[in-house]
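# quick one: sequence and predicted model below, then my questions.
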Amino acid sequence: MVSALSHLECSTCGKHFDARRLQTFCPTCQAPLLARYELRKVARELRPETVSGRPRGIWRWAELLPVQREEYRLTLGEGDTPTLKLERLGHTLGLENLFLKDESINPTGTFKARGLVMAVSRARELKARALVIPTAGNAGGALAAYAARAGMEAHVFMPADAPQANQQEVQMYGADLRLVQGLISDAGRLAAQEAQRSGWFDVSTFKEPYRLEGKKTMGFEIAEFFGWDVPDVILYPTGGGTGLVGIWKAFEELEALGWIGKKRPRMVGVQAQGCAPIVKAFEAKAREAEFWPDAATFASGLRVPFPFAHRLILQVIYQSGGMAVAVSDEEMLQAQRELGSLEGIFAAPEGAATLAALRRLLQQGWIAPKERILLLNTGSGVKYI
């Protein structure tokens with residue numbers, strides 16, 4: 001299984017960058033770089049049934065992932081998470097086709113494992129020695145785990161009020177934990193300064209190209225689960241937005257391979273009322289978001305006052321005919337209880353936010369009862385106890 005990675009491309013100006021070197025983001029546009037592949041070659045040589053017949057895990061999509069050599073493909077068993085039909089909850093909501101993709105069974109308990117296994121694997125292949133990340137919590141744990149697996153140095157900058165579980169797992173994996181007074185934006189500023197001073201490679205959300213490539217495998221798995229088709233609506237908790245953009249990128253690549261058609265789901269970005277820069281921009285019909293002051297929510301993964309890829313996130317929502325919705329912490333907590341008591345799923349508050357948003361959109365008539373709806377639970381609620 002050989003990667004068909006071709007080059008990197010600026011998501012704004014389209015300039016090409018050499019994928020054989022460590023890259024960050026476009027210095028001109030201050031925009032994320034996107035990995036591009038020789039998709040015509042892949043289409044000639046690879047079939048859906050071949051991928052489906054391979055051993056389970058993220059690397060069965062190797063041709064569409066950036067790591068060139070097999071010996072650099074780290075794993076702790078990430079990927080191929082279940083998509084569950086929510087029969088009881090669907091019945092209470094009057095929905096015939098309600099599904100949830102449960103990312104909580106990934107290593108370190110969240111979808112962050114997908115992005116960080118890819119970023120760490122590729123950074124190691126390109127000879128990086130030390131990695132640094134600002135995090136609301138879960139990404140720091142995932143970086144620490146995969147860096148330990150790779151024998152690499154990891155430095156994690158995290159708000160001091162991040163969940164204790166996140167702090168303890170970073171330390172358990174042997175990484176350097178720096179607690180910061182403030183938000184993830186403050187952690188990001190300090191991490192960038194220290195990275196420049198110490199020569200560490202920064203794997204912040206969208207400030208390197210490959211976390212997105214790990215997250216897009218959710219999109220591959222979704223299309224595969226639905227028989228090489230897509231749902232009508234996908235509701236996704238949107239902090240940094242990597243998963244939302246990644247799923248969309250996966251569908252674009254699958255269409256280029258001829259594995260799915262032109263149909264796309266309406267993508268719904270779900271945020272917290274206490275930190276909703278994407279929702280504010282969407283409601284203003286803007287193409288760019290603004291920094292959200294005094295961000296506050298108990299869903300730490302949604303406490304991202306200014307996502308670096310704000311333009312890409314909004315672009316996906318607009319292109320899909322989607323929506324951006326903000327829900328309260330109280331609504332998230334109620335949704336957590338519903339998912340637990342009706343379906344046996346202890347969702348992270350970020351994942352539960354998608355159910356709260358679904359209720360809102362049903363009340364508004366934006367979603368029809370017979371549509372095929374997919375919620376994304378991005379992590380385990382156990383990590384927030």
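Received, thanks.
# from here on, just use CA atoms for contacts and neighbour counts.
Noted.
# count the neighbours of residue 149 for me.
Residue 149: 16 surrounding residues under other CA atoms under 10 Å.
# give me the pLDDT value at it.
Note on residue 149: pLDDT of 97.
# ramachandran angles for the closest residue in space to it that isn't next to it in sequence?
Nearest non-adjacent residue to residue 149, counting by CA to CA, 6 or more residues apart in numbering: residue 74, 7.4 Å away. Backbone torsions of residue 74, given as degrees, to the nearest 10, read phi -70, psi 160.
# next, count neighbours for residue 74.
20.
# can you give me the strands in the stretch 201-350 of the chain?
Assigned by DSSP state E, counting those that start in this stretch, the stretch 201-350 of the chain shows strands spanning 201-202, 233-237, 266-272, 323-327.
# determine which of these approaches residue 68 most closely.
Closest approach to residue 68 among the strands of the stretch 201-350 of the chain is made by strand 201-202 (19.4 Å; CA to CA).
# and the residue nearest to residue 149, how far from residue 272?
Distance from residue 74 to residue 272, counting by CA to CA, to the nearest Å: 34 Å.
# contact partners for residue 185?
304, 305, 306 (CA atoms under 8 Å, 6 or more residues apart in numbering).
# from these, pick the one nearest residue 193.
Closest approach between the contacts of residue 185 and residue 193, by CA to CA: residue 306, at 18.2 Å.
# now the closest one: how far from residue 300?
14 Å.
# for the two, indicate the residue with more neighbours.
Of the pair residue 306 and residue 300, residue 300 is the one with more neighbours under other CA under 10 Å, namely 24 against 21.
# isn't that one up against residue 139?
No - Residue 300 lies out of contact with residue 139 (CA atoms under 8 Å); the separation is 11.2 Å.
# ok, and the closest non-adjacent residue to the most centrally placed residue in the chain?
Geometric centre of the chain, nearest residue: residue 243, 2.7 Å, by CA atoms, centre = their mean. Nearest non-adjacent residue to residue 243, counting by CA to CA, 6+ apart: residue 215, 5.4 Å away.
# relative to residue 65, how far out is the one you found?
Taking CA to CA, one finds residue 215 at 11 Å from residue 65.
# how about the helices in the chain?
39-45, 48-52, 87-93, 112-125, 138-150, 164-172, 184-198, 211-215, 217-225, 242-257, 277-283, 310-319, 329-343, 349-364 (DSSP state H).
# list the helices and strands the fifth one packs on?
Using 3 or more CA pairs under 8 Å, 6 or more residues apart in numbering; DSSP states H and E as the contact criterion, the elements in contact with helix 138-150 are helix 112-125, strand 130-134, strand 153-159, helix 164-172.
# per-residue pLDDT of residue 186, please?
We have a pLDDT of 93 for residue 186.
# what's across from the nearest residue to it once chain neighbours are set aside in the sheet?
In this structure, residue 186 finds its nearest non-sequential neighbour in residue 180, 7.3 Å apart by CA to CA, 6+ apart. With DSSP bridges as the criterion, residue 180 is bridged to residue 159.
# number of nearby residues for residue 180?
Residues near residue 180, counting by other CA under 10 Å: 18.
# tell me the contacts of it?
Contacts of residue 180 by CA under 8 Å, 6+ apart are 157, 158, 159, 160, 186, 187.
# re the thing from before, do I have it right that the residue nearest to residue 243 meets residue 248?
No - using CA under 8 Å, residue 215 is not in contact with residue 248, being 10.3 Å away.
# just the buried positions in stretch 72-89, please.
Under the neighbour-count criterion of 16 or more other CA atoms under 10 Å, stretch 72-89 has 72-75, 78-81, 83, 85-87, 89 buried.
# restricting to C-alpha, output that stretch in CSV.
Extracted C-alpha coordinates of stretch 72-89, given in CSV (Å, rounded to 0.1, in the frame of the first residue of the first chain):
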residue,chain,number,x,y,z
TYR,A,72,6.5,5.1,10.0
ARG,A,73,2.8,4.3,10.3
LEU,A,74,2.2,4.4,14.0
THR,A,75,-1.0,2.8,15.5
LEU,A,76,-2.7,2.3,18.8
GLY,A,77,-5.8,0.8,17.1
GLU,A,78,-7.5,4.0,16.0
GLY,A,79,-10.2,4.2,13.4
ASP,A,80,-13.1,2.1,12.3
THR,A,81,-15.4,3.3,15.1
PRO,A,82,-19.0,2.1,15.1
THR,A,83,-21.9,3.9,13.5
LEU,A,84,-25.0,3.1,15.5
LYS,A,85,-28.6,3.4,14.7
LEU,A,86,-30.4,5.2,17.5
GLU,A,87,-33.7,3.4,17.5
ARG,A,88,-35.1,4.5,20.9
LEU,A,89,-33.9,8.1,20.6
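# contact partners for residue 383?
By CA under 8 Å, 6+ apart, the contact set of residue 383 is 109, 163, 165, 166, 348.
# so the first one makes contact with residue 102?
Spelled out, that is residue 109. No - applying CA under 8 Å as the test, residue 109 and residue 102 come out as separate, 10.2 Å apart.
# what about those two, which has more around it?
residue 102 (24 against 21).
# excluding its backbone neighbours, what's nearest that one?
Using CA to CA, 6+ apart and skipping the chain neighbours, the partner closest in space to residue 102 is residue 377 (5.1 Å).
# quick check: that neighbour touching residue 105?
No - applying CA under 8 Å as the test, residue 377 and residue 105 come out as separate, 10.3 Å apart.
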